[in-house]
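Engineer: sequence plus predicted model, see below.
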Amino acid sequence: MRQGTGATALTSIRLGEKNKAEAERVMGNAFTLLILVSIVFTVLCLIFLDSVLTAFGANREILDPAADYTRIILFASIFMIIGSGMNNFIRAEGNPKKSMFTLLIGSILNVILAPVFIFGFDWGMEGAALATAISQLISALWVMSHFFTEKSVLKIRIKNMQLSGVLVRRILALGVGSFITQMATSVLMIAMNNVLLSHGGSTAIAGMNVVNAVQTFIMLPIWGISLGIQPIIGYNFGAKNYERVKSILVSAMVFSTVIATVASLFIYFVPEGLVAVFNQSEELVRFGSHAMVIFLLFTPLIGFQIIGAGFFQATPGEHHAMFQ
């Protein structure tokens, strides 16, 4: 999916330059990369599945059901990767509403199918995974169908799917910042789960899960702002409308900082209340509230970090985006 992010930035710039043919070529190369990456990712994860699950904290009691669930998800990962990656191009060509609707299709369908498969057909964990897989498949088909309609600015053409070394390097360079961030987050989660399990047990893990949930809730609107401004910044950068680029960047940073600062007030002054929303266990509330204040101490700064990284990712400053 990072390939989709990097290619989207490059596509927006080309559209701003009124170079539609090159924009389609970028998208075609990105589509091929998404397919290749999804295949490699699936094969590697299937080979080392037990080791991966164990690293993320799965013990003997839950390893088998977790493996059954994950195996189905992995086989369907090609739909998730292609759907999410190509959905970026719908947004890049100036169709944010359809891009949002695409995300809702998969989520709503999953909510409907999951209880039917889990409880109605009594398929348990496999049913939950199958519901997710079907939802991702439908969502991916919806995304891909867009590029074969008259409403689409960009079209998928076979000739553009042949990989170009220059384009691939540029796409990967623009997407590598997000990739490194995701990998670092995964490594951090693995290390933290193992340390917490050794020194704090299940209460510590549950407490940090609450902290992570609160952090995600805070960051979601800021991520949304970042993703929303990237195609606009890329387009105007390509059109050499630099004043509008600056205006968009400043506005996004202000809005994001306000969101992060308001959230910080709740974290600093009522952490117990936030943790209690998830679990009212006295021990968990005590641990979770203390961990939340420390772990999210610099929350007011995340607006600058996320928006700044998004800006560099949307412009030819890929080397800066790596240090987000």
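Structural biologist: Arrived safely, thanks for sending.
Engineer: longest helix anywhere in this structure?
Structural biologist: As assigned by DSSP state H, the longest helix anywhere in the chain is helix 201-238.
Engineer: using neighbour counts, pick out the buried residues of that helix.
Structural biologist: Residues 203-212, 214-215, 218-219, 222, 225-238 are the ones in helix 201-238 that count as buried (16 or more other C-beta atoms under 10 Å). C-beta coordinates here come from the backbone N, C-alpha and C atoms, glycine included.
Engineer: do the same with stretch 242-260
Structural biologist: Result for stretch 242-260 [16+ other C-beta under 10 Å]: buried residues 245, 248, 249, 252, 253, 255, 256, 257, 259, 260.
Engineer: report how many residues lie close to residue 184.
Structural biologist: By the measure other C-beta atoms under 10 Å, the count of residues near residue 184 is 10.
Engineer: check the one 5 residues further on too.
Structural biologist: Residue 189 has 15 neighbours, counted by other C-beta under 10 Å.
Engineer: ditto for the one 10 residues further on
Structural biologist: Residue 199 has 8 neighbours, counted by other C-beta under 10 Å.
Engineer: mind listing what's buried along stretch 64-83?
Structural biologist: For stretch 64-83, using 16+ other C-beta under 10 Å, the buried residues are 66, 69-70, 72-74, 76-83.
Engineer: so among those residues, where is pLDDT lowest?
Structural biologist: Lowest pLDDT among the buried residues of stretch 64-83: residue 66, with 87.
Engineer: and which of the buried residues of stretch 242-260 is nearest residue 120?
Structural biologist: Residue 120 has its nearest neighbour among the buried residues of stretch 242-260 in residue 259, at 39.7 Å by C-beta to C-beta.
Engineer: give the rounded mean pLDDT of stretch 247-259.
Structural biologist: 95.
Engineer: that older thread, taking the buried residues of stretch 242-260 one by one, which sit in helices?
Structural biologist: Filtering the buried residues of stretch 242-260 for helices - DSSP H - leaves 245, 248, 249, 252, 253, 255, 256, 257, 259, 260.
Engineer: near the closest residue in space to the third one that isn't next to it in sequence, how many other residues are there?
Structural biologist: When the adjacent residues along the chain are set aside, residue 249 lies closest to residue 311, with 5.4 Å between them (C-beta to C-beta, 6 or more residues apart in numbering). The number of residues packed near residue 311 is 25, by other C-beta under 10 Å.
Engineer: next: residue 44.
Structural biologist: Residue 44 has 12 neighbouring residues, counting by other C-beta under 10 Å.
Engineer: circling back: report pLDDT for the residue nearest to residue 249.
Structural biologist: At residue 311, the predicted lDDT confidence score is 89.
Engineer: any idea how far it lies from residue 79?
Structural biologist: Going from residue 311 to residue 79 by C-beta to C-beta, to the nearest Å gives 31 Å.
Engineer: repeat that for residue 235.
Structural biologist: Counting by C-beta to C-beta, the gap from residue 235 to residue 79 is 29 Å.
Engineer: now residue 299
Structural biologist: Taken as C-beta to C-beta, the span from residue 299 to residue 79 is 34 Å.
Engineer: same thing with residue 300?
Structural biologist: Residue 300 sits 38 Å away from residue 79, going by C-beta to C-beta.
Engineer: for residue 181, same thing?
Structural biologist: In terms of C-beta to C-beta, residue 181 sits 24 Å off from residue 79.
Engineer: quick one: contacts for residue 263?
Structural biologist: 218, 299 (C-beta atoms under 8 Å, 6 or more residues apart in numbering).
Engineer: where does the chain have low pLDDT?
Structural biologist: Along the chain, the parts satisfying pLDDT under 70 run over 1-5, 57, 177, 316-324.
Engineer: quick one: the helices in it?
Structural biologist: Applying DSSP H to the chain gives helices spanning 2-16, 20-47, 49-55, 60-75, 77-92, 96-115, 124-146, 165-199, 201-238, 242-269, 271-278, 282-295, 302-314, 318-321.
Engineer: reformat these as CSV; add distance to residue 153.
Structural biologist: Below are the helices of the chain laid out as CSV (distance: least, C-beta to C-beta, whole Å):
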stretch, distance to residue 153
helix 2-16, 7
helix 20-47, 7
helix 49-55, 39
helix 60-75, 33
helix 77-92, 9
helix 96-115, 12
helix 124-146, 10
helix 165-199, 19
helix 201-238, 11
helix 242-269, 20
helix 271-278, 43
helix 282-295, 43
helix 302-314, 18
helix 318-321, 24
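Engineer: alright, that wraps it up for me.
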